[in-house]
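Peer 1: just to be clear, the model below is a prediction. Sequence and coordinates:
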Amino acid sequence: MTEKNPGKRISIDDSAKDDEAAKLVQSESGSRLPAGLGGKIILMVALCWSLYQLWYASPFSLISSSFARPTHLAFAIFLAFLVYPAFKRSPQQRIPWHDWLFAIAGAASAMYLVYAYEALATRPGIPNTTDLVFAGMGMVLLLEATRRALGPPLMIVAAVFLTYTYFGPYFPEVISHRGASLERLLSHQWLTSEGVFGVAIGVSASFVFLFVLFGALLERAGAGNYFIKVAFSLLGHMRGGPAKAAVVASGMSGIISGSSIANVVTTGTFTIPLMKRVGFPASKAGAVEVASSTNGQLTPPIMGAAAFLMVEYVGIPYLDVIKHAILPALISYIALIYIVHLEACKANMLGLPRRYTPTLAQSLTSFVGTILGLCILTLLVYYGIGWMKLVFGEWAMPLVLLLTTLAYIALVAYGCRFPELHMDDPNAPVVELPEVGPTIKSGLYFLLPVVVLVWCLAVERFSPGVAAFWATIFMIFIVVTQRPLKSFFRQQHDYLNSAREGFADLYHGLINGARNMIGIGVATAAAGIVVGTVTLTGIGLVMTDFVEFISGGNLMLILIFTAMISLILGMGLPTTANYIVVSTLMAPVIVELGAQNGLLVPLIAVHLFVFYFGILADDTPPVGLAAFAAAAVAKADPIRTGVQGFTYDIRTAILPFMFIFNTNLLLIDINNLFHFFTVVFGAVVAMLVFAAATQHWWLTKNRLWETLALLLIAFTLFRPGYWWDMIYPPYEHLPAAQLVEAAEQTPRGESLRIWVEGESLDGRDVSKLVMLPLKTAGDGLSRLEDAGLMLLIEGDEVEVDMVAFGSPAEALGIDFGWRISGAELALDRPAKEWMMIPPLFLLALIAWLQRRRLAAARAADASEVKHV
């Protein structure tokens, strides 16, 4: 609604704003929603897909994954052909007959696996003609659906891998293989669970859909507008405030969004014009939005749906994935806010006007609350009401739902005491910031679905799919009831229309969730082709040999080349497909070559490493799809926007290198609370210092030596062990003859580092470091045997005589006939965190020098003004 005084503040109707964002998303994605029967069929199929996925995810469903995966893909392919036209010149207002034909044929190809399930099970690996026809038709139509929904990049990647599978013998010797027949290729990729219908699409059907639907319902309920308004009320008054608020708002939206592009065009329609208004050039305004939106894909709890894939690929619980990913994501966002602050200081920008002047306590509380709010909420749920699980047992879940419902009603009533939130027009002459208190209090009930989600995951220990189901059910309850409740508490008494609007919101939320999943559904299926190629051809070993060849065996070059290849592979791919491709191809490279060079890191660190660089492709020219979307909103040059966005994201690019060498940053091997705070403090300060160095500005403009010193300080705080290892070696290197003694000295439950060498099954000579877990007590020889390692010791020579089946030694890839070349025993030494003290003194010195220079400059300016 427009206010009577346009000079003060202009507001626009929320639905109009939603329509504008929806049009932008549609224009960027190229989707269509025709009128008439075709449009109604699209809406009905999308609605049925959401309802089907809700039923499949529910605890009451008996649908097996063998049926759910083909059905999931059938919906995705069918909608992809109806929603996305073949070309830009194709009809937008109607669906051509051939698109109907492709949609039906694609869905039938997927559903053939349900129809012929029993027949296929009786003849595995021996497909008949009908099997191959449906498999071939399905593969071709899947590639076309992928091209339509996501553009050419992923389709080209999948086609290249299919070509490599079939024409393997004709490739250069370094990457050649014996090839596979067309019959074997189609059978492996379509008729088994090794390719298209593998783990990736299984996770998409089980977990991802529910979280995307949860996000769509949250957005439809008004949470997106609420997050933006809260961020602007808290941060909009600061220097470059709209840009800082854009970072927080885009981060909040990106956390629940499965697409950095959709995040850019929805939040960016409001944030980018405001950033330009306070002085940011168009390319920098777009770059800030791009950097914050892409980082949202790296932030728990959703991580662009990659968190659930990591559960399957890494083999650790979902909560562990969240724990390991939270600190890098948090310090990356803090650093982006600081980069925006430095840009504002350099350009002497101001913030937006507030309706009142906050006290220092209010400002401090606002900042702390912004950074720590969700963390505190999680702790309150886990520790504050977690005791109910012990007291009430199986009745705890119903009781929590009841209490949450009562809290929801109370918070809606409380929120109705304050004005309804309406989105300000970013193009209005003047935008005035809303008050912090009323803005936050008006939508506190939007946090309750997060309470349900955290309870189900952390206390009840449900699977992510079941947890998302209950959180989504509660979200549906909110969408349907919030309008009637507001009508009641505001004494408007328009219950019928309010209820009708609530069910309309639910209807559109269910449809939007399904539409948002089309691209993800076909992407996970197409990415499954890459996984199938790896299992069929062994290209994973080829990539290892290739990276080892171009790096010359140098560890840093191995990591740099792996990062570059992950960046290239990630260009143009959505988050889920991005993670599947880079983790399948590049994660084994770091694991294998790292072990050969004495670098042993947890598998989650390796997967996060390649995932970070895959996601950075979203803002990296020349493909950078998120940068193109932001440039369209900002009316800026897309290449310049992408380059600027990548310079902002350099801070994110160094993080993977840091946590590969210092896994404390992933909250691994944290000994106590003091150690935890030391790691967090060092990481935050290091990232802020690195941002100041790359921006060439801290308290004032840096001199060259100051920038170099800041980089040295950041490196030392991130990786104190680099210098500490030179003073206090972490391990004592022992000859193979002392292996039994080393095993005896290793504490129970810890691992012994052993160097092994031998010939692998594929005929390669291998020399690598492994960590053999020693879980039992006893003498050294019996502990090694309990771990599955039987040895033949002759003088100084130690040979593997036998490896027990299913033992930890077998899992590490050790084989009989291999030789033990040495062992490493951890040494007692002072904590490496003592190395943080010298760089902090150096940082204080730089601060003192810059303050003196800044004071002298201000005095000179004041003297000149006085003289004039």
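Peer 2: Right, received. Where do you want to start?

Peer 1: for the protein, what's the longest helix?
Peer 2: Across the chain, the helix with the greatest residue count (assigned by DSSP state H) is helix 495-537.

Peer 1: tell me which strands and helices that one is in contact with?
Peer 2: Packing partners of helix 495-537 (3 or more Cβ pairs under 8 Å, 6 or more residues apart in numbering; DSSP states H and E): helix 37-57, helix 65-83, helix 129-150, helix 152-166, helix 199-203, helix 209-220, helix 464-489, helix 575-596. Heads up, the C-betas are built off the backbone N, CA and C, glycines and all.

Peer 1: quick check, Ala709 in a strand?
Peer 2: No: assigned with DSSP: H, G, I helix; E, B strand; the rest coil, Ala709 falls outside any strand and is helix.

Peer 1: and the gap between it and Ala847?
Peer 2: Distance check for Ala709 against Ala847: by Cβ to Cβ, to the nearest Å, it reads 11 Å.

Peer 1: those two: which is more packed in?
Peer 2: Using other Cβ atoms under 10 Å as the criterion, Ala709 and Ala847 rank with Ala709 on top: 19 against 12.

Peer 1: so what's the closest residue to Ile175 other than its chain neighbours scoring on pLDDT?
Peer 2: Nearest non-adjacent residue to Ile175, counting by Cβ to Cβ, 6 or more residues apart in numbering: Val542, 4.9 Å away. At Val542, the pLDDT value in this model is 78.

Peer 1: what angle do helix 495-537 and the one helix or strand Val542 maps to make with each other?
Peer 2: Following DSSP states H and E, one finds Val542 within helix 539-551. For helix 539-551 against helix 495-537, the angle by axes from the mean of the first three to the mean of the last three Cα atoms, to 10 degrees is 70 degrees.

Peer 1: what residues sit buried inside helix 539-551?
Peer 2: Ile539, Gly540, Leu541, Val542, Met543, Thr544, Phe546, Val547, Glu548, Ser551 (16 or more other Cβ atoms under 10 Å).

Peer 1: counting by contacts, list what that helix packs against.
Peer 2: Where contact means 3+ Cβ pairs under 8 Å, 6+ apart, helix 539-551 is packed against helix 555-569, helix 575-596.

Peer 1: what does the first one rub up against?
Peer 2: Residues external to helix 555-569 that are found in contact with it (Cβ atoms under 8 Å, 6 or more residues apart in numbering): 157, 543, 547-548, 550-551, 578, 581-582, 585-586, 589-590, 593-594, 597, 599, 609-610, 613-614, 616-617, 620, 653, 656-657, 660.

Peer 1: just the buried residues of those residues.
Peer 2: 157, 543, 547-548, 551, 578, 581-582, 585-586, 589-590, 593-594, 597, 599, 609-610, 613-614, 616-617, 620, 656-657, 660.

Peer 1: thinking again about what came up before, distance from the longest helix of the chain to the middle of the chain?
Peer 2: 17 Å (Cα atoms, centre = their mean, to the nearest Å).

Peer 1: and that helix, average pLDDT?
Peer 2: 89.

Peer 1: next, the angle helix 209-220 makes with that helix.
Peer 2: Computed by the same axes, to 10 degrees, the angle separating helix 495-537 from helix 209-220 equals 150 degrees.

Peer 1: how close does the most centrally placed residue in the chain get to Val530?
Peer 2: When Cα atoms, centre = their mean is applied to the chain, the residue found nearest the centroid is Met303 (2.6 Å). Distance, Met303 to Val530, by Cβ to Cβ: 20 Å.

Peer 1: domain assignment for the chain?
Peer 2: 25-197, 670-726+831-868, 731-828 (automatic domain parsing).

Peer 1: follow-up on the earlier one: put the alpha carbons of the helix holding Val542 into PDB.
Peer 2: C-alpha atoms of helix 539-551 as PDB (Å, rounded to 0.1, in the frame of the first residue of the first chain):
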ATOM      1  CA  ILE A 539      38.200 -42.900 -14.100                       C
ATOM      2  CA  GLY A 540      38.700 -42.000 -10.500                       C
ATOM      3  CA  LEU A 541      42.200 -43.600 -10.600                       C
ATOM      4  CA  VAL A 542      42.800 -41.800 -13.900                       C
ATOM      5  CA  MET A 543      42.100 -38.400 -12.300                       C
ATOM      6  CA  THR A 544      44.500 -39.300  -9.500                       C
ATOM      7  CA  ASP A 545      47.200 -40.200 -12.000                       C
ATOM      8  CA  PHE A 546      46.500 -37.000 -14.000                       C
ATOM      9  CA  VAL A 547      46.700 -34.700 -11.000                       C
ATOM     10  CA  GLU A 548      49.900 -36.400  -9.800                       C
ATOM     11  CA  PHE A 549      51.400 -36.000 -13.200                       C
ATOM     12  CA  ILE A 550      50.700 -32.300 -13.600                       C
ATOM     13  CA  SER A 551      51.700 -31.500 -10.000                       C
END
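
Peer 1: now it and helix 152-166, what's the angle there?
Peer 2: Using the same axes, to 10 degrees, helix 539-551 lies at 100 degrees relative to helix 152-166.

Peer 1: any idea of the pLDDT on Ala630?
Peer 2: 84.

Peer 1: that one: neighbour count?
Peer 2: Applying other Cβ under 10 Å, we find 34 residues neighbouring Ala630.

Peer 1: ditto for Leu403
Peer 2: Number of residues near Leu403 (other Cβ under 10 Å) recorded here: 13.

Peer 1: and it, how close does it get to Glu183?
Peer 2: Here the criterion is Cβ to Cβ. By it, Leu403 lies 59 Å from Glu183.

Peer 1: so the longest helix of the chain versus helix 129-150, what angle?
Peer 2: Using the same axes, to 10 degrees, the direction of helix 495-537 lies 120 degrees away from that of helix 129-150.

Peer 1: now the strands for this structure?
Peer 2: Secondary structure of the chain (DSSP state E): strands located at 731-734, 751-759, 765-773, 789-794, 797-803, 819-826.

Peer 1: got CSV for those strands, with distance to Trp55, mean neighbour count and mean pLDDT too?
Peer 2: Shown next, in CSV, are the strands of the chain (distance: least, Cβ to Cβ, whole Å; neighbours: other Cβ atoms under 10 Å; pLDDT from 0 to 100):
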stretch, distance to Trp55, mean neighbour count, mean pLDDT
strand 731-734, 54, 14, 90
strand 751-759, 44, 20, 90
strand 765-773, 42, 17, 88
strand 789-794, 49, 16, 88
strand 797-803, 46, 17, 89
strand 819-826, 52, 19, 89
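
Peer 1: wait, which of these is closest to Gly224?
Peer 2: Of all these, it is strand 765-773 that lies closest to Gly224, at 45.2 Å by Cβ to Cβ.

Peer 1: next one, pLDDT for Ser487 please.
Peer 2: The confidence metric pLDDT takes the value 90 at Ser487.

Peer 1: OK, contacts around it?
Peer 2: Contacts here follow Cβ under 8 Å, 6+ apart; on that basis Ser487 touches His493, Asp494, Tyr495, Ser498.

Peer 1: show me which of those are buried.
Peer 2: Ser498.

Peer 1: nearest to Ala407 among the contacts of Ser487?
Peer 2: Nearest member of those to Ala407, counting by Cβ to Cβ, is Ser498, at 21.0 Å.

Peer 1: thank you kindly, that will do.
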